[in-house]
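Enquirer: generate coordinates for the sequence data below:
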Amino acid sequence: MPDRVKIKCSKCGATFGERASRLRDGFQKQCPGCMRLITFDSASGDENVHKAMRAANRLRLALLDQKQTPAKSSDRSL
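Expert: This next block holds a predicted model:
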């Protein structure tokens, strides 16, 4: 499962990726297209930031669940 989230810049419309583990409140990333500094904050008014934050949260939860599931099934076989 990929661990990257797509981010769309509100200024130039460029789409780029970032690791889901990094996308948390206070993280900043420069858009590779227009060099705009994008600050990821849950209180941001930018819908593209909210979409990326939600996608990163869902992906982190899915990866955590995926890590825990094999451990549970291997415990049962013992």
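Enquirer: can you confirm H50 is in a helix?
Expert: Yes: applying DSSP: H, G, I helix; E, B strand; the rest coil, one finds H50 inside a helix.
Enquirer: mind checking pLDDT for the residue nearest to it when sequence neighbours are not counted?
Expert: Counting by Cβ to Cβ, 6 or more residues apart in numbering, H50 lies nearest to S44, which is 6.8 Å off, once chain neighbours are set aside. All C-beta atoms are positioned from the backbone trio N, CA, C, and that covers glycine. pLDDT for S44: 88.
Enquirer: can you tell me how far S44 is from D65?
Expert: Between S44 and D65 the distance is 27 Å, computed by Cβ to Cβ, to the nearest Å.
Enquirer: which one's more surrounded, the two?
Expert: S44 (15 against 9; other Cβ atoms under 10 Å).
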